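**Student:** missing the sequence, but the structure's below:
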C-alpha cells in the first residue's frame, strides 16, 4: 500500500512539474520610432546569386517579395504576413556559410526622408552544415521616404526607396 502511494505521489509530482513549464520569448526587442516586427519563418531562395558579402533588400510589393523569399512551412506553424498596402519589408542576407551567423536588427528610426536601420552580424564557430543567414523586418510604410540606410559599425549602405 505504501509503495503504491509513493508511486502515485511521484507520478503526480512529475505531471505537475511538466505542466508548469515557462516559455521564453525569443523575439529580440528593436528600438524603433516606427512600427516594426522581425519576421521568422521566411528564407532567401537558394537560387539567389550573391554579388557581395552582405546583401540588402527592400520589398515594396508582393511580387518582388515572392521572387526572392520563400516561406519555411512547418507542421502546425503559423507565420506572420505582410500587408504591402500599408507595410514594406527590409531584409539582410549573407552568402551560404558553415559558420553559425546571426543577423539582428537593433534599431529603426526615421530621420527626415531617410529610414535608418541599424543591425549587427555575429559569426560563431563552424558547423557541420551550411546555412544561408537571412533576417527579415516588416515596417509600416512611411510618407515621403526616399531612402533606407542600413548601418553597421558606422558603415552605411544606402538603398533608394
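**Tutor:** That came in fine, so what should we check first? Owing to the predicted nature of the structure, the values given are computational and were not obtained by experimental measurement.
**Student:** sheet partners, orientation included, of the longest strand along the chain?
**Tutor:** Longest strand of the chain, by residue count under DSSP state E: strand 114-131. Sheet pairing here is set by DSSP bridges, and for strand 114-131 it gives strand 97-111 (antiparallel), strand 147-152 (parallel).
**Student:** to residue 130, which of those strands lies closest?
**Tutor:** Across the strands paired with strand 114-131, the minimum distance to residue 130, taken as Cβ to Cβ, is reached by strand 97-111, at 5.2 Å. The C-beta positions use only the backbone N, C-alpha and C, and glycine is treated the same way.
**Student:** quick one: buried residues of the closest one?
**Tutor:** Going by neighbour count (16 or more other Cβ atoms under 10 Å), the buried part of strand 97-111 is 101, 103, 105, 108, 110.
**Student:** for stretch 65-83, same thing?
**Tutor:** 65, 68, 69, 82.
**Student:** residues touching the second one, list them.
**Tutor:** Okay, so that is residue 68. The contact partners of residue 68, by Cβ atoms under 8 Å, 6 or more residues apart in numbering, come to 44, 45, 48, 57, 59.
**Student:** closest to residue 36 among those?
**Tutor:** Of all the contacts of residue 68, residue 36 sits closest to residue 59, with 14.1 Å by Cβ to Cβ.
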